[in-house]
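In: sequence plus predicted model, see below.
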Amino acid sequence: MLLLNPGPVTLSERVRQSLLQTDLCHRESEFFDLQDEARARLIDIYGLDPSVWTAVLMTGSGTAALESMIAGLVPAQGKLLIVQNGVYGERIAQIATQYQIPHTVVKHEWMEAPDLARIDAALAADPAITHLAVIHHETTTGRLNDLPAIDRLCQARGVRLLADTVSSFGAEAIDFGGHIDAVAATANKCLHGVPGAAFVIVRRAALANAVSRTYYLDIARYARQQDQRNTPFTPSVHAFYALVEALREHQDEGGWQARHQRYAALAEEVRTGLAALGIEALWPAAQSSVVLRAYKLPAGVTYEQLHDGLKARGFIIYAGQGGLSSQLFRISTMGALTAADMHRLIAGFRELLHR
């Protein structure tokens, strides 16, 4: 079965085999060697200076990393502006509410791109705002939000930026030279690892001002102990094995740029093939990520019909979220997928639509 959902992904044989390595105690030096390699490789993906940036590993999903970032890096007297145009922007607002972090939300419809003028007006209207949080790739619709433009607003207003890059890290461009203080991500999306290992890439200067609102997800404690070749809790050792092997494979294949090109080529094959069958993409390629694209359901065909027919042919696709489930379906090209797989996928669509 090939997974075309936005994570977890279809594993390469190389990463799958890494899960069969020896059982390992997380208090032994061999584990800390593994942890150190994962952290160093994560920093190196975007060529970051390890004296300025650090990778903080934790066991959990991408949401664990996101929660750790938001709960730890908005200071006690800080205030958060949340840019929301999909499910995952709403999730940040829910996290801020849960931790009673003062915040305001610039709300958009799920189909809308972030309105830079409205965001700037919100920043200008409230000098108490210290941080802005935004989703880079909003997988609700497959839209790639304009992170560089939002970063420029933060620079102009003296506000720090926290980005959810859960489904873009490792395959989309991320410029860490502006006001980004941290990004949250996970092993089991563009890096092609397995669920269970998540991380935050964070400025060491931001960690110096971190607060402790949570116990298990305390980002400063993780960072401090990992720098000391330690870990506060029992990590998912085999997920870390897979993460390290996935990071080695990522580098061997040419890094984030090569992965971007690979995804783009596969996504374009799908878009072209579906267009020939009369199935329209929701966004032009320039507005969409290469990781996942949303498509309009063809007239007279339900998502359930598409899903079940394609699953019988060896493919798992993904529904639109919430009310969009009756309008859209989504296809991700992450994971160990090939052009031949996409050709078979389009053939499966053709068979279903012509029945």
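Out: Yep, that arrived.
In: SS state for residue 210?
Out: coil (DSSP: H, G, I helix; E, B strand; the rest coil).
In: what's the neighbour count on it?
Out: Using other C-beta atoms under 10 Å, residue 210 has 22 neighbouring residues. To be clear about C-beta, it is placed using only N, CA and C from the backbone, and glycine gets the same treatment.
In: how much space is there between the closest residue to it other than its chain neighbours and residue 202?
Out: Nearest non-adjacent residue to residue 210, counting by C-beta to C-beta, 6 or more residues apart in numbering: residue 220, 4.0 Å away. As judged by C-beta to C-beta, to the nearest Å, residue 220 and residue 202 stand 10 Å apart.
In: which other helices and strands contact the helix or strand hosting residue 265?
Out: Element membership for residue 265 (DSSP states H and E) is helix 255-276. Packing partners of helix 255-276 (3 or more C-beta pairs under 8 Å, 6 or more residues apart in numbering; DSSP states H and E): strand 292-296, helix 339-353.
In: out of those, which comes closest to residue 185?
Out: strand 292-296 (14.9 Å; C-beta to C-beta).
In: now that closest one: average pLDDT?
Out: For strand 292-296, mean pLDDT rounds to 96.
In: packing partners for it?
Out: In this structure, strand 292-296 packs against helix 255-276, strand 328-332, with contacts taken as 3+ C-beta pairs under 8 Å, 6+ apart.
In: who touches the longest one?
Out: With C-beta atoms under 8 Å, 6 or more residues apart in numbering as the contact definition, helix 255-276 has outside contacts at 45-46, 170-173, 190, 250, 253, 280-281, 285, 288, 290-291, 293, 295, 331, 333-334, 337-339, 342-343, 345-346, 349.
In: show the buried residues in the residues you listed.
Out: The neighbour-count criterion (16 or more other C-beta atoms under 10 Å) marks 45-46, 170-172, 190, 250, 281, 288, 290-291, 293, 295, 331, 333-334, 337, 342, 345-346, 349 among the contacts of helix 255-276 as buried.
In: for the stretch 1-150 of the chain, which segments count as strands?
Out: Assigned by DSSP state E, counting those that start in this stretch, the stretch 1-150 of the chain shows strands spanning 2-3, 53-60, 80-84, 103-107, 131-135, 137-138, 143-144.
In: what residues does the last one touch?
Out: Taking C-beta under 8 Å, 6+ apart as the criterion, the residues outside strand 143-144 that touch it are 85, 86, 113, 136, 137, 138, 168, 172, 283, 287, 288, 289.
In: tell me the one of those residues nearest residue 178?
Out: Ranked by distance to residue 178 (C-beta to C-beta), the contacts of strand 143-144 are led by residue 136 at 13.3 Å.
In: my guess is the closest one contacts residue 165, does it?
Out: Yes - counting by C-beta atoms under 8 Å, residue 136 touches residue 165, with 4.6 Å between them.
In: what residues are shared contacts of those two?
Out: Shared contacts of residue 136 and residue 165, defined by C-beta under 8 Å, 6+ apart, are found at 172, 174, 183.
In: tell me which residues touch the residue positioned nearest the centre of the chain, please.
Out: The residue lying closest to the centre of the chain (C-alpha atoms, centre = their mean) is residue 166, at 1.5 Å. Residues counted as contacts of residue 166 (C-beta under 8 Å, 6+ apart) are 62, 63, 65, 66, 88, 137, 184, 185, 186, 189.
In: pick the one among those residues closest to residue 302.
Out: Among those, and counting by C-beta to C-beta, the member closest to residue 302 is residue 88, at 25.4 Å.
In: what's the closest non-adjacent residue to that closest one?
Out: Counting by C-beta to C-beta, 6+ apart, the residue nearest residue 88 is residue 135, at 4.7 Å.
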